[in-house]
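A.B. asks: Return atomic coordinates for the entry below.
(2 chains)
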Amino acid sequence: MSFIRLAEREAQITQTQLFASMFRDDTLEETTDLLVPAIVPEAKTVPFDPPQTGLIALPENTTIQVPTEGTVRIYSNNTGIYVVDGTIGPEGITSNRVWFSQTSSTSTTLINPGVNSTQTTSTSATTGNIAVYTNGNTNFVYYNGFTGIPVFTNASIVGGNYRREPQPVKKFVKNSIKRALKLLDNFGMEQDTKIFLKGDEVEISHPESLFKFVITKRKYGNIISATERPLRSVPFTLELFTKNGIHLANLCVYAEETPMLDQLFMVAMYVKSGNEEDLLRKANFFSITQDKALKELIVSEVDYLAPKLLGRSGNYINANIEGGITNGVLLAA
Amino acid sequence: MEAVLDENTVTEQTFSCTFLGMLGDLTIQFDEQNKEHVLEVIRKKMKEGYVFFTTKKYLFGQIKRKGQISDRDIRRGNIEDIIIPDEQFEKMIADMDDKDIAGLIVADKARVGKIKKGKEMEAMKKAKTPEEVVESNSVAMKPIRGG
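C.D. replies: Alright, predicted model coming up:
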């Protein structure tokens, strides 16, 4: 019989858990660990001075102060909330919530309108709020005056205090994410991963390359679903820039059946090991720069990009490239 | 069949390959005498479009079966060692999304391992032949596609 000290036993348990994470376990677990801050950032105050009227981007989970008179229109650009003059629609949106609160001199009313119900700001109210809680999709609020007079003159958008309820996640998904985080960490990408999960831009480049790859987590990108059911497309925004920051194109390239964070690892591995050509040859280019001179200059340096940047023919011959005004742009960084 | 994680018994003749997959990365290790078996799998994977990035640096841990370390090592309380129950081990094999890799582990031609910290992507090179892969430590990527 052997005896193992408690501390050693605990270390053994940790190792066992690591090993057990290799299994596919569909058990649902609450997201109470490191994933939550990455997916559901804490709401914070966003200083904002809205225009008199027009369309503005609405940060998720925000509260908008509305005027005592006027109509409010809130649009979503895709599947998010959709409120016109206080009407919620379309049906079937269950993960987003919108409600109105109004405060008069005597009372505060909080209304949680049902689907397709109507709510308009009351003329007797002294202040009003519309709280828009979304599932991370980019939403917009549009507003105009009741009688054509600009409203929201003293309005502000502030961070809401709402925090989305953590959704249960399959255990194997959580383990997969943890393993990917560990993998990235092992390859010295801990900082980049944090930046990525926070939603900021991660720049990846090779010293001998003319380009840099900029990766940004999409606002509506869900790391859980992108791990459980990887799509046949790049799970984040992948942009190609020159080293001095001129946007060339957006790229779509992905590894088959690979979760989101492993895709990040994949792109970084190809680029940092000096094999970005493989990525660029395979990638689908879109939102390509309209700067023809720049494209021709790029192609003169990197000929395999001709079909990508200049179309199938790759006929880019331009006698003005050498010594032209765009010469040196690439290497200026 | 029981497996033991043992990072302290790693030798220079051990090679490894880390596969990215749906359940996260999976590292296998193999030694000189099992290279031929692994080579066949690597060759097949390359034909399927897998890309392997290799490094000569040895930076991987190792999991091996019970019996390859002595009971004395366990009694000494080597905290890096763990024993995997048969049930868990078999479940792991059944759930692996890559049956070729699972086959290597079941046949005891490779062992499950883990990656240690401290590697550099800049030091990795894209392998051109399967022989390069089995002579080094590598990371395998599934085929890439334009979306």
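
A.B. asks: Strands of chain B, start to end?
C.D. replies: B:3-5, B:15-19, B:26-30, B:51-55, B:63-65, B:83-84, B:111-113, B:125-126, B:137-141, B:144-146 (DSSP state E).

A.B. asks: Give the other helices and strands that the last one contacts.
C.D. replies: Right, the one you point to is strand B:144-146. With contacts taken as 3 or more C-beta pairs under 8 Å, 6 or more residues apart in numbering or on different chains; DSSP states H and E, strand B:144-146 sits against strand A:247-255, helix A:276-282. Quick note: C-beta positions are derived from backbone N, CA and C, even for glycine.

A.B. asks: Tell me which strands the helix or strand following the last one pairs with, and in which orientation.
C.D. replies: Moving toward the C-terminus from helix A:276-282, the first helix or strand encountered (DSSP states H and E) is strand A:284-286. Strand A:284-286 sits in its sheet next to strand A:247-255 (antiparallel), going by DSSP bridges.

A.B. asks: can I get the CA coordinates of stretch B:47-55 in PDB?
C.D. replies: Provided in PDB are the C-alpha atoms of stretch B:47-55 (Å, rounded to 0.1, in the frame of the first residue of the first chain):
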ATOM      1  CA  LYS B  47      -2.700  12.700 -49.300                       C
ATOM      2  CA  GLU B  48      -5.900  13.900 -47.700                       C
ATOM      3  CA  GLY B  49      -4.500  17.400 -47.700                       C
ATOM      4  CA  TYR B  50      -3.300  17.700 -44.100                       C
ATOM      5  CA  VAL B  51      -0.400  20.100 -43.700                       C
ATOM      6  CA  PHE B  52       2.300  19.400 -41.100                       C
ATOM      7  CA  PHE B  53       4.500  22.000 -39.400                       C
ATOM      8  CA  THR B  54       7.600  20.500 -37.800                       C
ATOM      9  CA  THR B  55      10.200  21.500 -35.300                       C
END
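
A.B. asks: quick one on the thing from earlier: any idea which of the strands of chain B gets closest to A:Lys170?
C.D. replies: Proximity to A:Lys170 (C-beta to C-beta) singles out strand B:26-30 among the strands of chain B, at 18.0 Å.

A.B. asks: CA atoms only: put the closest one into CSV for me.
C.D. replies: The C-alpha trace of strand B:26-30 is given here as CSV (Å, rounded to 0.1, in the frame of the first residue of the first chain):
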residue,chain,number,x,y,z
LEU,B,26,-4.6,15.9,-29.6
THR,B,27,-0.9,15.1,-29.2
ILE,B,28,0.5,11.6,-29.9
GLN,B,29,4.0,10.4,-29.3
PHE,B,30,5.9,7.6,-30.8
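
A.B. asks: before we move on, back to that, please identify the most buried of the helices and strands packed on strand B:144-146.
C.D. replies: The highest mean neighbour count among the helices and strands packed on strand B:144-146, using mean count of other C-beta atoms under 10 Å in any protein chain shown, belongs to strand A:247-255: a mean of 21.

A.B. asks: In contact with the closest residue to A:Glu208 other than its chain neighbours, which residues?
C.D. replies: Distance criterion C-beta to C-beta, 6 or more residues apart in numbering or on different chains; nearest residue to A:Glu208, sequence neighbours excluded, is A:Gly274 at 6.8 Å. Under the criterion of C-beta atoms under 8 Å, 6 or more residues apart in numbering or on different chains, the contact partners of A:Gly274 comprise A:His206, A:Glu208, A:Ser209.

A.B. asks: Tally up the residues packed near B:Ile42, please.
C.D. replies: Residues lying near B:Ile42 (other C-beta atoms under 10 Å in any protein chain shown) number 24.

A.B. asks: Surely it and B:Phe19 touch.
C.D. replies: No. The pair B:Ile42 / B:Phe19 is not scored as a contact, 10.5 Å apart, by C-beta atoms under 8 Å.

A.B. asks: Pull the contacting residues for B:Gly146.
C.D. replies: A:Cys252, A:Val253, A:Lys282, A:Ala283, A:Asn284.

A.B. asks: Format the helices and strands packed on strand B:144-146 as a markdown table; extra columns: distance to B:Lys126.
C.D. replies: As requested, those are exported to a markdown table (distance: least, C-beta to C-beta, whole Å):
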| stretch | distance to B:Lys126 |
| --- | --- |
| strand A:247-255 | 14 |
| helix A:276-282 | 8 |
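
A.B. asks: Output those as CSV; include the columns mean pLDDT.
C.D. replies: Below are the helices and strands packed on strand B:144-146 laid out as CSV (pLDDT from 0 to 100):
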stretch, mean pLDDT
strand A:247-255, 91
helix A:276-282, 92
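
A.B. asks: which residues of chain B score low on pLDDT?
C.D. replies: Residue ranges of chain B with pLDDT under 70: B:1-13, B:56-85, B:88, B:92.

A.B. asks: Pick out the residue in it sitting closest to chain A.
C.D. replies: Residue of chain B nearest chain A, by C-beta to the nearest C-beta: B:Gly24 (3.0 Å).

A.B. asks: re earlier: quick one, which of the strands of chain B is nearest to A:Asn222?
C.D. replies: Across the strands of chain B, A:Asn222 has its closest neighbour in strand B:144-146 (21.2 Å, C-beta to C-beta).

A.B. asks: Regarding chain B, what is its longest helix?
C.D. replies: When chain B is scanned for its longest helix (criterion: DSSP state H), the result is helix B:35-48.

A.B. asks: Which of the helices or strands spans A:Ile195?
C.D. replies: A:Ile195 belongs to helix A:190-198 when assigned by DSSP H and E.

A.B. asks: Quick check: buried residues in that helix?
C.D. replies: Residues A:Asp192, A:Thr193, A:Ile195, A:Phe196, A:Leu197 are the ones in helix A:190-198 that count as buried (16 or more other C-beta atoms under 10 Å in any protein chain shown).

A.B. asks: Residues contacting that helix, please?
C.D. replies: Outside helix A:190-198, the residues that touch it by C-beta under 8 Å, 6+ apart are A:38, A:41, A:181, A:184-185, A:201-202, A:204, A:215-217, A:223, A:236, A:261, A:264, A:268.

A.B. asks: In this structure A:Val302 contacts A:Thr242, no?
C.D. replies: No. Counting by C-beta under 8 Å, A:Val302 stays clear of A:Thr242, with 10.9 Å between them.

A.B. asks: So if I had to pick from the two, which one is more boxed in?
C.D. replies: Remark: of A:Val302 and A:Thr242, A:Thr242 carries more neighbours, 21 against 18, as counted by other C-beta under 10 Å.
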